[in-house]
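Engineer: take a look and give me a structure for this.
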Amino acid sequence: MAVPKKYPDELRERAVRLYRESDPKPVIRRMAEQLNVHPEALRNWIRQDEADRGRRHDRPTTETAEENRRLRRENAELKRVNEVLRAASAYFASEIDPTRRRS
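Structural biologist: Residues are numbered from 1 along each chain as shown. Alright, predicted model coming up:
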């Protein structure tokens, strides 16, 4: 289960848009205080938005991160299925030829 988000998505989107549209760029700490969010949370939101827009290359985009999570879940499921199939195969092999030893 996913951990519930501390801040609503609307607040995140509004904060990032406010930062992006400001000229000159505000100090993140002051802006975070005004919005009642933790400065590191705001800084991470801004960095992620920049990565999603192709302006940063030091972190994956949101789309890439979601795909990686999906592929990890799928990989874990396939590993579980393979273990079940291996166990079933060993069981049925011993039923077919009980005198033959398998390692």
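Engineer: what about the longest helix in the chain?
Structural biologist: Looking across the chain with DSSP state H, the single longest helix is helix 62-96.
Engineer: pLDDT score assigned to P98?
Structural biologist: On pLDDT, P98 comes in at 66.
Engineer: again, but for A93
Structural biologist: 85.
Engineer: for it, give its distance to R86.
Structural biologist: Applying Cβ to Cβ, to the nearest Å, the value for A93 to R86 is 11 Å. Every C-beta, even on glycine, is put in place using the N, C-alpha and C of the backbone.
Engineer: show me where pLDDT drops low in this protein?
Structural biologist: In the predicted model of the chain, residues 98-103 satisfy pLDDT under 70.
Engineer: show me the domain layout of it.
Structural biologist: The chain breaks down by automatic domain parsing into domains covering 8-59, 61-103.
Engineer: of those, flag the one that's most buried.
Structural biologist: Most buried of the domains of the chain by mean neighbour count (mean count of other Cβ atoms under 10 Å) is domain 8-59; its value is a mean of 14.
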